[in-house]
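Engineer: Curious how this folds, go ahead:
(2 chains)
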Protein chains: 2
Amino acid sequence: MRKNLCLCGFGNVGREFVRSLAARQSGILADGLDLRLVAILGQGGGIYQKSGLNLAEICNLPAGSSALRSLTGLWSEEMTGVRGIAAAQAHLLIEATPTDILTGEPGLSHFRAAIANGMDIVTFAKGPLVKEYRSLQQAADARRVTIKASGATAAALPAMDVGCYSLAGDTILQFAGILNGTTNYILTRMAADGLAYEAALADAVTAGIAETNPRLDIEGWDTASKTIILANALMKADLDLADIQVKGIQHVTAGDIRAAQGRGEVIKLIGQAIRTERGVEVTVGPVCLPLSHPLSAIQGTAKAIRYVGQAMGEVMVSGGRSDLAGTAAAGLKDVLNLYRRRK
Amino acid sequence: MRKNLCLCGFGNVGREFVRSLAARQSGILADGLDLRLVAILGQGGGIYQKSGLNLAEICNLPAGSSALRSLTGLWSEEMTGVRGIAAAQAHLLIEATPTDILTGEPGLSHFRAAIANGMDIVTFAKGPLVKEYRSLQQAADARRVTIKASGATAAALPAMDVGCYSLAGDTILQFAGILNGTTNYILTRMAADGLAYEAALADAVTAGIAETNPRLDIEGWDTASKTIILANALMKADLDLADIQVKGIQHVTAGDIRAAQGRGEVIKLIGQAIRTERGVEVTVGPVCLPLSHPLSAIQGTAKAIRYVGQAMGEVMVSGGRSDLAGTAAAGLKDVLNLYRRRK
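Structural biologist: Residues are numbered from 1 along each chain as shown, chains lettered A, B, ... in the order given. So this is what the prediction gives:
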């Protein structure tokens, strides 16, 4: 079976996805699936080749879509945004643009164009699903296309897979997760080394763990975005950021940490969803956990999520590399699970 | 989409599967999948109804296929074994017979009949896959049918799902698991309460955790069976029980446990597989783990497995109810993941 892929966005994640695909393409083909990357859409244009782009050539380009212009024989100003999605005539959109969780754009427009064109979607971008989960899913169902979002929900930690696939048919009563590596690193450093919040944050920036502008992480919005997508997908909630309480870790002090330790507890930034009589309630914020709680042992940049299923009980998954290679591999995994023969 | 199911075996697990299906059938239908249980094959005969059996009626029967004889209008001596599989004209065989890990029977013959008839298989029985993994998988591939084995590989702990689905496309370098609840319970009691092996085993029998004849568990064969199936399925190994070293916990003494504790370690029964230059090496036996090892924290009847993927890194999953309801739900999950629209 041949499937044509259209990648939108050629930043670090988009390029790493191409590298991941290049490394595995022959093995995937041997298993009977012929994945061809036919288009990469960037800003102001992109590249297209109907028979499939030469991945080896693309892997060596610097990240950033302006680098695509050097492939002069393939470059076209038409290959951008919704116009490019329609022109690519692919089976699948891989959305790897920078995301805005308030507007959902530019991914939101890309999703709508892809669905209108009968394309499946594998997304790294959270914005579209945070902003418009229900309407996008309804549109996808109506067109019989599938949206897969491992890359937007903790990537190599299979948070979505376990909820959607391993607990298929069960009723998820609640989940709670440590879904952001940067904040868990900061809290771990504060607890283990007695650092003040500012010092732990500075350390995370120096170590390349926190972004230079880490507000989305430390104020809880990254965790909130992942929590909302999971709650909407797995518990049939219909929530966006305006519906939930979000607290970050920016006001957690060394004194708070010490006080928790004195009680035999640790502070973790938890995104959780609970099914109640009033519907699904989602909260995001620092929580004091006893050391006996399984999430209390998740250290450093590691992530984890613990589900409670009505029939299958507690299922917790932890780990998954937090780097670019792990993220790209999670996106490629979604592509395979869309198209390979069921296993 | 309508799919006809043929259940082989009506012991506790088979009946619980029917109950699980009955409880969820209308919800599954609302999602577009019409699952009809058309046959239950027992010893000396079974029951069949082309339009689908009345599940409510069957849920209330005692376990054991002789109970099926009371449904006189449906009972037929033809509905047993390979003859019944052919006669049922179903899309899917659910194999829930007691298993013999040395011969693979009776499931092995059932698997071959199902594949020959173009049926998919969801199995709770380990025997066929322990004995003949490679030849069965090749036959299934040739007939384009799928074998799903969550129920044979730790059930509600999604050991197979995480390796097969969440790490799709990645290369699994190694895995190690606590895959048997009875032995982990015994080791936990010995460590936590200072019990001798015999006392902890007696306690497990009294608590209904260990079977009256727990040799398969305590001598490591249950763990070995699950480990072999996972290694064959996920690491392209071609192993059976004769190829591997299996040690159980029957020779672990209270003194061994205390000595480990003195070194800051715990003893766990671990099934592991490692990719080496010589191929995939599988071992099963008691292992001393430092308290910092994530598997060291798995207590009582809980189970867990930790994978190392080349790209996605360490991924560990733990939990999943060890009771009949959890087991049945894991089988139903496999059925849904075979036939529902991909999500």
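
Engineer: Near chain B, which residues of the stretch 101-250 of chain A? Just list them.
Structural biologist: Proximity of the stretch 101-250 of chain A to chain B is confined to A:144, A:146, A:148, A:156-158, A:161-162, A:164-170 under the rule Cβ under 8 Å from any Cβ of the partner chain. Quick note: C-beta positions are derived from backbone N, CA and C, even for glycine.

Engineer: now, among those, which is nearest to A:I178?
Structural biologist: Distances from A:I178 to those, taken as Cβ to Cβ, are shortest for A:L157 (9.3 Å).

Engineer: wait, that closest one sits on A:V317?
Structural biologist: Yes: A:L157 is within contact range of A:V317, at 6.6 Å (criterion: Cβ atoms under 8 Å).

Engineer: Which neighbours do the two have in common?
Structural biologist: Overlap of the contact sets of A:L157 and A:V317 (by Cβ atoms under 8 Å, 6 or more residues apart in numbering or on different chains) consists of A:304-305, B:315.

Engineer: about what we covered before: name only those of the residues of the stretch 101-250 of chain A next to chain B that count as buried.
Structural biologist: With neighbours counted by 16 or more other Cβ atoms under 10 Å in any protein chain shown, those contain buried members at A:146, A:148, A:156-158, A:161-162, A:164-170.

Engineer: returning to what we had before: buried subset of the shared contacts of A:L157 and A:V317, written for PyMOL?
Structural biologist: To isolate in PyMOL the members of the shared contacts of A:L157 and A:V317 that are buried, counting by 16+ other Cβ under 10 Å, one can use:
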select buried, (chain A and resi 304+305) or (chain B and resi 315)
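
Engineer: In CSV, list the shared contacts of A:L157 and A:V317 along with secondary structure and distance to B:E95.
Structural biologist: Written out in CSV, the entries for the shared contacts of A:L157 and A:V317 read as follows (DSSP: H, G, I helix; E, B strand; the rest coil; distance: Cβ to Cβ, whole Å):
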residue, secondary structure, distance to B:E95
A:A304, strand, 34
A:I305, strand, 32
B:V315, strand, 28
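
Engineer: Need the nearest residue in space to A:R15, chain neighbours excluded.
Structural biologist: Beyond its immediate neighbours in the sequence, the residue positioned closest to A:R15 (Cβ to Cβ, 6 or more residues apart in numbering or on different chains) is A:A63, lying 4.7 Å away.

Engineer: that's a strand at the one you found, yeah?
Structural biologist: No: looking at A:A63 with DSSP: H, G, I helix; E, B strand; the rest coil, it is coil, so not inside a strand.

Engineer: Just the C-alphas of the lengthiest helix in chain A, formatted as CSV.
Structural biologist: Taking DSSP state H as the assignment, the helix of chain A that covers the most residues is helix A:12-30. This file holds the C-alpha atoms of helix A:12-30, laid out as CSV (Å, rounded to 0.1, in the frame of the first residue of the first chain):
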residue,chain,number,x,y,z
ASN,A,12,13.5,21.1,14.3
VAL,A,13,10.6,18.7,14.8
GLY,A,14,9.7,18.6,11.1
ARG,A,15,13.2,18.0,10.0
GLU,A,16,13.7,15.3,12.7
PHE,A,17,10.5,13.6,11.4
VAL,A,18,12.1,13.4,7.9
ARG,A,19,15.3,12.0,9.4
SER,A,20,13.3,9.4,11.4
LEU,A,21,11.3,8.4,8.2
ALA,A,22,14.5,8.2,6.2
ALA,A,23,16.1,5.9,8.7
ARG,A,24,13.2,3.5,8.7
GLN,A,25,11.7,3.8,5.2
SER,A,26,13.2,0.7,3.8
GLY,A,27,12.2,-1.5,6.8
ILE,A,28,8.6,-0.1,6.6
LEU,A,29,8.5,-0.8,2.9
ALA,A,30,9.7,-4.4,3.6
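
Engineer: Following it in sequence, what is the next regular element?
Structural biologist: In the C-terminal direction, the helix or strand that comes right after helix A:12-30 (DSSP states H and E) is strand A:34-42.

Engineer: Cool, thanks, talk later.
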